[in-house]
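S.K.: Attaching a predicted model along with its sequence, questions to come.
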Amino acid sequence: MQILLLRVGPQNEWQPLDFLAAAHRQHTPAAVGIVCESTRADVPRGALALPASVPAAAPAALRTPALQAALVACASGRRRAGVHAEDCFALFLLPLALPPRILVLGAGPDVVPLVDLAARLSWQVTLVDHRPAYANAAHFPAAAAVLLARPESLAAALDLRGFAGAIVMSHHLPSDLLYLRALAASPIPYVGLLGPPARRDKLLTDLGALAAGLRPRLHAPIGLPLGGRAPESIALAIIAELHAFVHTQAEKRGAPNAVRAAAAD
């Protein structure tokens, strides 16, 4: 085992922690490169390769287009973390593990344990509801955002790109139909719907042609069959199914995310 200790402080502008912390706050894919082996005097071990947009002092050899492309590929999941060889030196490419972003449509009392469980996994949850009494941030202190918006205005009120999954649980049939219409046109890979099969089938029928694009992503009734009917039991079943989905998708892509990192630990 080889251990490389890096000093992080004002002398190196708090890099790479400052860059990674900013990317985490903005939920932006990111990666850094750390020189782990080198025979070049101008590229010492411990030197950092950061995106060219980051104003940090670095050897010119760590700012080449080829190395910048490698950082982008690692951040996006097109290549895994690991050693990247250059001329007379090698770097360890390390991607930032971003927590999954989850969209919950409906903010009734039964959503409280769902948000609490998701927060324990460090997931970022955005809640949307059209009822002012429900869309109250004070009810969900662990949520990343709580929005008051009409179901028919969902796509206009919120950028639906970047969510790992969406959960429809407003308990209001017309609202759920409008939510599903918006989700059918979105790239969200997992769409969970609360309710029995008969309710699901009616909503899919009412969706018409849009249902074809939604069916491959739809999980309904949502949740693993763990048993129990209490809100906490239902929340656990939903989170368990979504956790399995997100983890499996990350493994297929080789992409970094907090679920995959936690499983590896």
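M.R.: Nice, thanks for sending it over.

S.K.: Show me the helices in this structure, by range?
M.R.: All helices of the chain, identified by DSSP state H, fall at 17-26, 65-76, 111-120, 154-157, 173-184, 197-207, 211-214, 231-253, 258-264.

S.K.: Those: which one's closest to Ala97?
M.R.: Nearest of these to Ala97, taken as Cβ to Cβ: helix 258-264 at 4.1 Å. Every C-beta, even on glycine, is put in place using the N, C-alpha and C of the backbone.

S.K.: circling back to that earlier point, reformat the helices of the chain into TSV and put distance to Ser53 next to each item.
M.R.: Shown next, in TSV, are those (distance: least, Cβ to Cβ, whole Å):
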stretch	distance to Ser53
helix 17-26	10
helix 65-76	10
helix 111-120	31
helix 154-157	30
helix 173-184	33
helix 197-207	42
helix 211-214	36
helix 231-253	24
helix 258-264	24
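
S.K.: Find the centremost residue of the chain, please.
M.R.: Pro100 (2.4 Å; Cα atoms, centre = their mean).

S.K.: Could you find the closest non-adjacent residue to that residue?
M.R.: In space, and not counting its chain neighbours, Pro100 is closest to Ala164: 3.9 Å by Cβ to Cβ, 6 or more residues apart in numbering.

S.K.: OK, contacts around that neighbour?
M.R.: Residues in contact with Ala164 (Cβ atoms under 8 Å, 6 or more residues apart in numbering) are 100-102, 188-190, 242, 246, 249, 257.

S.K.: Weed out the non-buried ones from the residues you listed.
M.R.: Neighbour counting by 16 or more other Cβ atoms under 10 Å classes 100-102, 188, 190, 242, 246, 249, 257 among the contacts of Ala164 as buried.

S.K.: Dump those to CSV, plus distance to Cys36 and pLDDT.
M.R.: Below are these laid out as CSV (distance: Cβ to Cβ, whole Å; pLDDT from 0 to 100):
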residue, distance to Cys36, pLDDT
Pro100, 30, 92
Arg101, 32, 93
Ile102, 35, 96
Ile188, 38, 96
Tyr190, 37, 97
Leu242, 36, 95
Val246, 30, 90
Gln249, 30, 78
Asn257, 24, 48
